[in-house]
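>>> Next one to model:
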Amino acid sequence: MALIKCNECGKEISDTTKKCIHCGAKIKKERKKLSKKKKLIILSIVILTVIVGVVTTYVIFSKEEVEVRVDQSNERDDTKEQIEVITDYINIREKKSIDSKAIGKVYEGEIYTVISQDDRSPYYFIEIETKDGKHGFISGQDGYVEKLSMKEVVEEETEPLEEQVEQDITDNNVNNAVINEPVIEYTPPVVQEQPQDIVIQNIWMDNAGGTFRVGDTITIHASVSSKNKLTSAVIWLHSTVNEQSIECYVASSPDGLNTNDIVIQGTITDRMLPGPWEYHWSGFTDQYNINVTEYNNPGRFSFTVVE
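All right, here's what the predicted structure looks like:
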C-alpha cells in the first residue's frame, strides 16, 4: 500500500481507497500509458513472428515437393519395355485400384521400366518402381503415358569352324550314300475354317445428354453382326474428367442375345462425376469364346449426374 495526495484537498490518503477520508472527494486514478518506444518494440516482435512463420511454412512445403520429384526417373534403356509420362503428373497407387492409397506421383518427361501391365483393367495399370524405391501402379491410359520403342536385337551369324565344315561334308556324303529309301509323301493337315469375327454396327444410349441421379440405371444398346451365337456383352464408360468408370453389362445367355438390339445396363454410384463419358472399350463373346475388345468408331456420351 502506498500513500497518494487527494486531488481536492491535497492531504495524504491510501492509494487503495475510492474516496478521500478527509473531504469525501472521489479519487481518480491515472492509467499507465505505454510509451511509444514500447509500442514500437511490441509491434516489431509481432511482425517478425509472422514473417518467420510464413518463411518456415514455404521452406517445408518446397522441400517436400523437391523430395518427391528429384532423382526418381529410371534411366533410358532401349533393350527394356519402358514408358514416358506425357501428362503433368500421375498418382502412384499402392494397388491396382483408383481407390487405393496414393504413395507418390510421377511427372511429365520421366521414364519408367514396365514391370507388368494389366490390359484387362479400364485404366491399363502399369507396375513400376521409381529410382528412389517407390513401388506401385500408375494408369497407362492414352494421353497419360507413351510407350518407348525397343531396340531390335539381331543375332550375329558366326563363321563355321574348319573342323565343323569338314564334319558337315562327311555327314552329307553318308546321307547321299543311302539308296532306295522309301519316299514318304507329306500331306498337309486339314485346317478347319475359323468362325467369323464379331462386327459392331452401332452403339447408342437412352437419355443421352440428359440428367441422372445416384442409383439410376444407364441403358446402352448395341447392334452387332455375327454368324455365331453371341452369349455375353460388356461396355465400359470412362469419364474424360477424372478416373471414374461405369461398367455396363448384360447377363450371359446360353440361348444367345438379340444381335439387333443388345440391351446393356449399368448403375451410377455415389462416386460418379459429370461427364462427358466415352465408351472406349467393349467386349462381346460368342459360343466359340471369341472376343471383340475394341470398337472401331469410339465416341462419347454426355450426361449430368446430380445428388
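
>>> correct me, but Phe284 touches Ile200?
Yes - with contact defined as Cβ atoms under 8 Å, Phe284 and Ile200 form a contacting pair (7.2 Å). Just so you know, the C-beta spots here come from the backbone N, C-alpha and C atoms, and that holds for glycine as well.

>>> So between the two, which is more surrounded?
A direct count of neighbours by other Cβ atoms under 10 Å for Phe284 and Ile200 places Phe284 higher, at 26 against 20.

>>> Spell out which residues make up each domain of the chain.
Described in terms of automatic domain parsing, the domain architecture of the chain consists of the residue ranges 82-147, 199-306.

>>> Can you give me the end-to-end span of the first one?
Start and end residues of domain 82-147 are separated by 6 Å (Cα to Cα, to the nearest Å).

>>> With distance to Asn74 and mean pLDDT as new columns, can the domains of the chain be given to me in TSV?
Putting the domains of the chain into TSV (distance: least, Cβ to Cβ, whole Å; pLDDT from 0 to 100) gives the following:
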stretch	distance to Asn74	mean pLDDT
domain 82-147	5	92
domain 199-306	24	74
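
>>> for these, which one sits closest to His22?
His22 lies closest, by Cβ to Cβ, to one member of the domains of the chain: domain 82-147, at 81.2 Å.

>>> For Ile4, which of the domains of the chain is the nearest?
Comparing these by their distance to Ile4 (Cβ to Cβ), the top pick is domain 82-147, with 71.0 Å.

>>> Let me see the ranges of the helices in the stretch 201-307 of the chain.
According to DSSP state H, counting those that start in this stretch, the stretch 201-307 of the chain carries no segments that qualify as helices.

>>> Just put the domains of the chain in JSON lines and tack on distance to Arg76.
Written out in JSON lines, the entries for the domains of the chain read as follows (distance: least, Cβ to Cβ, whole Å):
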{"stretch": "domain 82-147", "distance to Arg76": "6"}
{"stretch": "domain 199-306", "distance to Arg76": "28"}
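
>>> Quick one: closest of those domains to Asn7.
domain 82-147 (73.7 Å).

>>> Tell me the secondary structure of Thr56, please.
Judged by DSSP: H, G, I helix; E, B strand; the rest coil, the three-state class of Thr56 is helix.

>>> State the distance from it to Glu94.
The span separating Thr56 from Glu94 equals 31 Å under the rule Cβ to Cβ, to the nearest Å.

>>> So for those two, which sits in the more crowded spot?
Taking Thr56 and Glu94 together and counting by other Cβ under 10 Å, Glu94 has the greater number of neighbours (14 against 10).

>>> what about the nearest residue to Gly104 once chain neighbours are set aside, neighbour count?
Leaving out its chain neighbours, the residue that sits closest to Gly104 by Cβ to Cβ, 6 or more residues apart in numbering is Ile92, at 4.3 Å. Taking other Cβ under 10 Å as the neighbour definition, Ile92 ends up with a count of 21.

>>> Just the CA trace of the strand or helix carrying Ile92, in CSV.
In this assignment (DSSP states H and E), Ile92 forms part of strand 89-93. Coordinates of each C-alpha in strand 89-93 appear next as CSV, following Å, rounded to 0.1, in the frame of the first residue of the first chain:
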residue,chain,number,x,y,z
TYR,A,89,1.5,-36.0,-63.3
ILE,A,90,0.0,-39.4,-62.4
ASN,A,91,-0.6,-40.7,-58.9
ILE,A,92,1.3,-43.9,-57.9
ARG,A,93,-1.2,-46.2,-56.3
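
>>> Name the surrounding residues that touch it.
Here strand 89-93 makes contact (Cβ atoms under 8 Å, 6 or more residues apart in numbering) with 100-108, 125, 128, 130, 134, 136-139, 144-145.

>>> Could you rerun that using 7 Å?
With Cβ atoms under 7 Å, 6 or more residues apart in numbering as the test, strand 89-93 has contacts from 100, 102-107, 134, 136-139, 144.

>>> so after it, what's the next helix or strand?
Next in line after strand 89-93, if elements are assigned by DSSP H and E, sits strand 102-107.

>>> That following strand packs against which elements?
helix 36-69, strand 89-93 (3 or more Cβ pairs under 7 Å, 6 or more residues apart in numbering; DSSP states H and E).
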